[in-house]
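1. How does the following fold in three dimensions:
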Amino acid sequence: MSDIKTRYLLVGFSVAGWWCARAIRERDRNGKIVALTKENGVYSPPLITYYLGNKVSTIDYRSGWMENLDLELVPGGEAKKLERENNRLILASGESFVFEKALIATGGLPIVPPIPGREVTGVFTLTTPRDMQEIREFMKFQEGERVTILGGGFIGLKTAEAFMELGVKITLVELANRLLQNMVDERGSYYLEKALERAGLEVIKEDTVSEFQSREGKLSGALLQSGKYLPGNLAVVAIGVHPNIDWLQGSGIELGRGVIVDEFQESKRAGIFAAGDVAETKNLITGERNVVAVWPEAVKQGKIAGENMAGNRLSYPGSLPVNTVSVGEVTLVSAGLVNPPAGDFEFLTTVSDDSYRKLVLKDGYLVGVILVNRIEKAGVYINLIRQKVKVESFKDRLLKEDFGMINLPAEYRKHLVEGASIEV
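-> Predicted structure coming up:
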């Protein structure tokens, strides 16, 4: 089988890969692009839980999204090995590709701890279309009266949202002392927990599953470390994902938690870039290296990588964790450093029966924000963080009812509007 030659090879074609291809095409109309996806088609990962919950009718990218990209899409293209000395990539199928520039965007894989019984029928993860279809097929033939969801982070909450739409009784089990422990503080979690409980969910904190029990190879219930037993024939392990990088061992690419990249999204191997849930970048606020697996950062990293693969030289300013969750009657936005370590931080808060707002400041700059229910100013706050605008002179207005772009000093308004996208 001969090698397939291409100028650009995109290994993984979700959000980071798509934006990379778009950026390449804006600068290079003729260079050949081959995009590999281990799935059978191109889909939007955030829609998986919405599809399971019958909120959308498809998870596929709209056909118009592929127009003008002029690329060759290879479905079922699961990467197996990247040769150390050559720009040659081999798939699990045996196909091989030789490239000039490549993007590694293989995303994340679900974390499944070694819990006894995790292989029995009825225990699932929910991060891919295949997971979603397996759960849907299972529920066609099995009466899932109660589901146990292990994990109270972002994936666990989105999974709970899907089952809420299906009218299934839910028990959410979280090892930490609060839900969304990386996104909110204890007060923010309190509002979320109460909303879930009002919606009929059982929330169990500071506990975890020690064993999935079964009868005749099928799940019958989950035993917790505390000794509590949760009966039920359906469970979802949703404690997070880790970067899909094992196939890069021996490739000469420097690996940490993910693919280590510089400010241009380029790895230590020249011409090989990484973006999205697989890329280890510098945090915009702390400067520490980490993997920030959120949609807005995948978009930005993919665009920067594509520009640089096509000959530009643009820098990525650093990752900013931004998350939005809407479950039950609560909508929550979180960005930046919301649970800072001990140090010289200042906190501004407002609290009411149904809302909570918290701003974190350091050295006169806004570095973190939590908004529960009252999220209308989210875009302004996030841009103040992202653009590193000093807010010391007007910090007393930040949480005022009428605060907005118009309330900022004139020199800052122009700075924020130019090239700044508003995110919610």
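2. Output the helix or strand where Phe163 lies as PDB - backbone C-alpha positions only.
-> Taking DSSP states H and E as the definition, Phe163 sits inside helix 154-165. Extracted in PDB, the C-alpha atoms of helix 154-165 (Å, rounded to 0.1, in the frame of the first residue of the first chain):
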ATOM      1  CA  PHE A 154     -19.000  19.400  33.300                       C
ATOM      2  CA  ILE A 155     -19.500  16.100  31.500                       C
ATOM      3  CA  GLY A 156     -21.500  14.700  34.400                       C
ATOM      4  CA  LEU A 157     -23.800  17.700  34.500                       C
ATOM      5  CA  LYS A 158     -24.400  17.600  30.700                       C
ATOM      6  CA  THR A 159     -25.100  13.900  31.000                       C
ATOM      7  CA  ALA A 160     -27.600  14.600  33.800                       C
ATOM      8  CA  GLU A 161     -29.200  17.300  31.700                       C
ATOM      9  CA  ALA A 162     -29.800  14.700  28.900                       C
ATOM     10  CA  PHE A 163     -31.400  12.100  31.200                       C
ATOM     11  CA  MET A 164     -33.600  14.800  32.900                       C
ATOM     12  CA  GLU A 165     -35.100  15.400  29.400                       C
END
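3. close enough to count as contact, Tyr50 and Val56?
-> Yes. Taking Cβ atoms under 8 Å as the definition, Tyr50 is a contact partner of Val56 at 4.7 Å. All C-beta spots, glycine's among them, are computed from the backbone N, C-alpha and C.
4. Which one's more surrounded, the two?
-> Each of Tyr50 and Val56 has its neighbours counted (other Cβ atoms under 10 Å); Tyr50 has more, 17 against 13.
5. returning to what we had before: run through the neighbouring helices and strands of the helix holding Phe163.
-> For helix 154-165, the packing partners by 3 or more Cβ pairs under 8 Å, 6 or more residues apart in numbering; DSSP states H and E come out as helix 47-52, strand 146-150, strand 169-174, strand 322-327.
6. now these as CSV including mean pLDDT and distance to Leu126?
-> Output for the helices and strands packed on helix 154-165, formatted as CSV (pLDDT from 0 to 100; distance: least, Cβ to Cβ, whole Å):
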stretch, mean pLDDT, distance to Leu126
helix 47-52, 91, 7
strand 146-150, 96, 9
strand 169-174, 96, 13
strand 322-327, 88, 15
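7. Tabulate those (CSV), appending distance to Leu103.
-> Converted to CSV, the helices and strands packed on helix 154-165 look like this (distance: least, Cβ to Cβ, whole Å):
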stretch, distance to Leu103
helix 47-52, 22
strand 146-150, 33
strand 169-174, 35
strand 322-327, 22
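8. Need the winner for burial among these.
-> Burial of those is given as mean neighbour count (mean count of other Cβ atoms under 10 Å); strand 146-150 ranks first at a mean of 24.
9. Okay, angle between that strand and helix 154-165 too, please.
-> 170 degrees (axes from the mean of the first three to the mean of the last three Cα atoms, to 10 degrees).
10. hmm, who's touching strand 146-150?
-> 156, 159-160, 163, 168-173, 208-209, 222, 230-232, 234-239 (Cβ atoms under 8 Å, 6 or more residues apart in numbering).
11. which among those residues end up buried?
-> Neighbour-count burial (16 or more other Cβ atoms under 10 Å) applied to these gives 156, 159-160, 163, 168, 170-173, 208-209, 222, 230, 232, 234-239.
12. And for Val74, nearest residue in space, chain neighbours not counted?
-> Spatially, and ignoring its direct neighbours in sequence, Val74 is nearest to Leu36 (4.9 Å; Cβ to Cβ, 6 or more residues apart in numbering).
13. that's a strand at the one you found, yeah?
-> Yes. Leu36: assigned to a strand according to DSSP: H, G, I helix; E, B strand; the rest coil.
14. List the beta-bridge partners for it.
-> Per DSSP bridges, the residues bridged to Leu36 are Val11, Val74.
15. got a list of what it touches?
-> Leu36 sits in contact with Leu9, Leu10, Val11, Gly12, Phe13, Val74, Gly77, Glu78, Ala79, Leu91, Phe97, where contact means Cβ under 8 Å, 6+ apart.
16. What distance do you get for it to Thr128?
-> Distance, Leu36 to Thr128, by Cβ to Cβ, to the nearest Å: 15 Å.
17. Ok, Val292 next?
-> Val292 is 20 Å from Thr128, by Cβ to Cβ.
18. Ok, Gly404 next?
-> Taken as Cβ to Cβ, the span from Gly404 to Thr128 is 40 Å.
19. One more: Leu69?
-> 23 Å.
20. Which one of those two is surrounded by more residues?
-> Applying other Cβ under 10 Å to Leu69 and Thr128 shows that Thr128 carries more neighbours, namely 17 against 14.
21. correct me, but the more buried one touches Ile48?
-> Yes. The pair Thr128 / Ile48 is scored as a contact, 7.3 Å apart, by Cβ under 8 Å.
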